[in-house]
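*Asks:* below is the sequence, then the predicted model.
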Amino acid sequence: MVEMFLPQGSTYAGQIDGVINLVTLLVGFWFTVAQVVFFWLIFTQRAKPGVHAGYVTGEEEFPKKYIGWAHWGVLACDVLILVFAVQAWYSVKQDLPPAEQTVRVIGQQWAWTFQHPGPDGQLDTDDDITTVDELHLQKDVLYHYQLESRDVLHSFSVPVFRLKQDAVPGRTITGWFKPIITGEHDIQCAEICGIGHGIMGAKVFLETPEQHAAWMQQNTTTSLAAADLR
């Protein structure tokens, strides 16, 4: 259901959508059951000419039997949601597959700075490419991200990836994603971080290998030229 409004942009987006859809369906089912019972009681126990309205205390054997059934049903649904939620959490937050590339993401009031590896594929070398509010990634490449904050608590949110990770001052938090689509998509700060929080938006550009190579060549040339001028 979620994917009807927002494409699944990472390998684990479908797993997270599955948990959201499961919660929606199960909660929707019990909501429907509760409303049906509610209105059934209203119409069957209402006062009629010469008959007082019904009053069910819950002490009768009939209500007890069905209340117990409902308790076990809700508990089973909770366990089912927990199983799928823990699996999704492990895939996204605990299982860190080997990286093909690493990018650095830095939050600050009120912008995102992204440090991309240059042609050598390594961070913190002379050919790194640094951008503000633009993250450029290649489709089907598994990235690690190193998330940092220079001032206050921020939250790195990429809805198309189904990713949200807090950036904590003084810490470097490592996570991962693997883009599976192309296009231009939103990056947000999902943590109120000051008066400019609402304008702390950025874009992620998910590119084909050819597009990414062209972008990297253009920006590497620009970076080297700027370095020569210094």
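*Replies:* Here it is on my side, so go on.
*Asks:* CA atoms only: put stretch 163-172 into PDB for me.
*Replies:* Coordinates of the C-alpha atoms in stretch 163-172 are reproduced here as PDB (Å, rounded to 0.1, in the frame of the first residue of the first chain):
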ATOM      1  CA  LEU A 163      15.500   5.100   6.000                       C
ATOM      2  CA  LYS A 164      15.600   7.300   9.100                       C
ATOM      3  CA  GLN A 165      18.600   7.500  11.200                       C
ATOM      4  CA  ASP A 166      19.500  10.100  13.900                       C
ATOM      5  CA  ALA A 167      22.700  12.000  13.600                       C
ATOM      6  CA  VAL A 168      24.200  12.500  17.100                       C
ATOM      7  CA  PRO A 169      26.900  15.100  17.800                       C
ATOM      8  CA  GLY A 170      30.200  13.500  18.700                       C
ATOM      9  CA  ARG A 171      29.300  10.200  17.100                       C
ATOM     10  CA  THR A 172      29.800   8.600  13.700                       C
END
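*Asks:* what mean pLDDT does the strand or helix carrying residue 76 get?
*Replies:* Element membership for residue 76, per DSSP states H and E: helix 61-89. Taken as a whole, helix 61-89 carries a mean pLDDT of 81.
*Asks:* ok, the helix or strand just after it: who's next to it in the sheet?
*Replies:* Of the helices and strands lying after helix 61-89 in sequence (DSSP H and E), the nearest is strand 101-108. Paired strands of strand 101-108, with direction, are strand 111-116 (antiparallel), strand 143-149 (parallel) (DSSP bridges).
*Asks:* what residues does strand 101-108 touch?
*Replies:* Strand 101-108 is contacted from outside by 112-117, 121, 123, 135, 137-138, 141-151, 154, 156, 167, 189, 193, 200, using C-beta atoms under 8 Å, 6 or more residues apart in numbering. Every residue, glycine included, has its C-beta placed from N, CA and C.
*Asks:* please name whichever of the strands paired with strand 101-108 is nearest to residue 179.
*Replies:* strand 143-149 (7.9 Å; C-beta to C-beta).
*Asks:* residue 124 should be in a strand, yeah?
*Replies:* No: looking at residue 124 with DSSP: H, G, I helix; E, B strand; the rest coil, it is coil, so not inside a strand.
*Asks:* how many residues are close by it?
*Replies:* 9 (other C-beta atoms under 10 Å).
*Asks:* give me the contacts around stretch 209-219.
*Replies:* Here stretch 209-219 makes contact (C-beta under 8 Å, 6+ apart) with 116, 118, 119, 129, 131, 136, 137, 138, 139, 182, 205, 207.
*Asks:* ok, now which ones touch residue 54?
*Replies:* Counting by C-beta under 8 Å, 6+ apart, residue 54 touches 41, 44, 45, 46.
*Asks:* so is the first one in a helix, a strand, or just coil?
*Replies:* Assigned by three-state DSSP, the conformation of residue 41 is helix.
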